[in-house]
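Colleague: Need a 3D model of the following:
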Amino acid sequence: MLELEHVSKSFATVRAVDDISLVIKAGEIFGLIGPNGAGKTTTIRMIAGILQPDSGSIRFNGMPIDENMKNRMGYLPEERGLYKKNKLMDTIVYFGSLKGMTPDQVREKARPWLERFGLAKYANRKLEELSKGNQQKIQFLISTLHDPDLLILDELFAGLDPLNQEMMNEWLHDMKRGGKVILFSTHVMEQAENICDRLCMINKGRVVLEGSPDSIRKQHTRDTIRIEFAGDGSFLASLPGVRNAVFSDSAVELELEPGTDLNAILARAIREIEISRFERIVPSLHQIFIDVVGDSNPVKETTPEPVRPVMAATDPAAKRLFLSGLFLLSFGIIAGVIAVTRTPGIEDFIAPVALTAAGIVRFFQYRRRKKKLAGGTHR
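Modeller: Numbering: from 1, shown residues only. Next comes the predicted model:
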């Protein structure tokens, strides 16, 4: 079981994660969803031990996340990290060794999965020769080959066609049946709705929704019904309790006042028209996401800051180029003068010439930088 208790994390003035508490049980797929910038990646990186929380605790089976725990964890990040010039099997062996497996153990466990994925023939080929989808399958294989107890998956299905998505889904549920703790993060609400046993939506660093997909949908069910019918159903718009009616090809969606008697509406409709379907509308997770996130993230009109040029005098890089050029040129001239006052040989002029040339190069770089800044802007 994975437990987060009052976890918070800030970066400068930004509160990325704000007092999050979660419990993820063994043998379940737990979805982490939310808009861009909500705090999902920061939360995942704290669970993986990449970042440390400012406050609160993260425990797995009662123990804090430490270096020993990382060998029991599989992490598939959204940003992929394969060495594309390396051979496929060499890469798998390398990552397996990081989890304490021997090369023979890795090859023995990897071969059946490469066969299943249709990638056995690529075992000695470079990863850059694989498609994006096949590289994604290798990433997942690397994340799970050591049989982790905790599996963190960030955008698992990215780049996969429907057939490979189904194959990966079967593998994921095999791990669920094996009692693994699985954290699944995605931007695709349909995937979260179909795959996850429970979900948590975070927005602005805080938990705004949590529960099973069904319970979340029921909590956000509107007083709206849909009737599909044959005949003249225009009278439905004027029935008692109907707030609004939207008609489309032989169907209508009725938005009702709270407490409206559905049986009365159904009884009247049956007398007047032929009904083929009568149902209460349950919103999709996609629609709930839009409603919840949209309400808390209103679009604000802002006046853009004036655009002003960047001056070379205030640019640190330009300053460094100018000062280093001045320093090198000055020392080159001084060294040259000293060499002339002695009985010089060719070798005595090597250092002065080199210093002077380096100083001139710096001044040319400074001029290029100055021109670039004069043509550029910043806000």
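Colleague: is it true that N134 touches L114?
Modeller: No - with contact defined as CB atoms under 8 Å, N134 does not reach L114; the gap is 10.3 Å. Where you see a C-beta, it was placed from the backbone N, CA and C, and this is true even at glycine.
Colleague: which neighbours do the two share?
Modeller: Shared contacts of N134 and L114, defined by CB atoms under 8 Å, 6 or more residues apart in numbering, comprise Y122.
Colleague: Tell me, how many residues neighbour Q165?
Modeller: 15 (other CB atoms under 10 Å).
Colleague: residues touching it, list them.
Modeller: Applying CB under 8 Å, 6+ apart, the residues near Q165 are F157.
Colleague: mind redoing it with 10 Å?
Modeller: Q165 sits next to 133, 156-157, 159, 191 when contact means CB atoms under 10 Å, 6 or more residues apart in numbering.
Colleague: Out of those, which comes closest to A123?
Modeller: Nearest to A123 out of these is G133 (CB to CB; 17.4 Å).
Colleague: List the residues that contact the closest one.
Modeller: G133 is in contact with 117, 157-161, 163-165, 168, counting by CB under 10 Å, 6+ apart.
Colleague: quick one, phi/psi of it?
Modeller: For G133, the backbone dihedrals (degrees, to the nearest 10) come out as phi -60, psi -40.
Colleague: Next one: it from Y122, what distance?
Modeller: To Y122, G133 is 13 Å away according to CB to CB, to the nearest Å.
Colleague: Also S131?
Modeller: Distance from S131 to Y122, counting by CB to CB: 10 Å.
Colleague: Whichever helix or strand G294 is part of: which residues count as buried?
Modeller: Here G294 sits within helix 285-296, counting by DSSP states H and E. Residues 285, 288-289, 292-293 are the ones in helix 285-296 that count as buried (16 or more other CB atoms under 10 Å).
Colleague: what do you get for stretch 355-365?
Modeller: So for stretch 355-365, counting by 16+ other CB under 10 Å, buried means 355-356, 358-359, 362-363, 365.
Colleague: Out of those residues, which comes closest to V14?
Modeller: Distances from V14 to these, taken by CB to CB, are shortest for Q365, at 35.2 Å.
Colleague: which residue packs closest to that closest one, ignoring adjacent ones?
Modeller: Spatial nearest neighbour of Q365, chain neighbours left out: L321 (5.0 Å); criterion: CB to CB, 6 or more residues apart in numbering.
Colleague: for L114, same thing?
Modeller: Spatially, and ignoring its direct neighbours in sequence, L114 is nearest to A120 (4.4 Å; CB to CB, 6+ apart).
Colleague: mind checking how far that neighbour is from V93?
Modeller: 15 Å.
Colleague: the more surrounded of those two?
Modeller: Using other CB under 10 Å, the more surrounded residue of A120 and V93 is V93, with 20 against 15.
Colleague: where does the more buried one land in three-state SS?
Modeller: Three-state assignment for V93 (DSSP: H, G, I helix; E, B strand; the rest coil): helix.
Colleague: does it really touch K99, like I thought?
Modeller: No - using CB atoms under 10 Å, V93 is not in contact with K99, being 11.1 Å away.
Colleague: which residues are in contact with both of those two?
Modeller: Common contacts of V93 and K99 (CB under 10 Å, 6+ apart): 105-106, 145.
Colleague: Following the chain onward from the one helix or strand V17 maps to, which element is next?
Modeller: Secondary structure assignment for V17, by DSSP H and E: strand 14-24. Proceeding N to C from strand 14-24, the next assigned helix or strand is strand 28-33, under DSSP H and E.
Colleague: Only C-alpha atoms, please: export stretch 202-217 in CSV.
Modeller: Coordinates of each C-alpha in stretch 202-217 appear next as CSV, following Å, rounded to 0.1, in the frame of the first residue of the first chain:
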residue,chain,number,x,y,z
ILE,A,202,-5.7,17.3,-8.8
ASN,A,203,-5.8,21.0,-9.8
LYS,A,204,-3.5,23.8,-8.6
GLY,A,205,-1.7,21.3,-6.4
ARG,A,206,-4.8,20.1,-4.5
VAL,A,207,-7.1,17.1,-4.7
VAL,A,208,-10.5,18.2,-6.2
LEU,A,209,-12.0,14.8,-7.0
GLU,A,210,-11.4,11.3,-5.7
GLY,A,211,-13.2,7.9,-6.0
SER,A,212,-14.2,5.3,-8.5
PRO,A,213,-15.1,6.4,-12.0
ASP,A,214,-18.8,5.3,-11.3
SER,A,215,-19.0,7.2,-8.0
ILE,A,216,-17.5,10.3,-9.5
ARG,A,217,-19.9,10.2,-12.4
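Colleague: Name the nearest residue to I216, sequence neighbours excluded.
Modeller: Residue nearest to I216 in three dimensions, not counting chain neighbours: L209, with 5.8 Å by CB to CB, 6+ apart.
Colleague: Sweet, I'm off.
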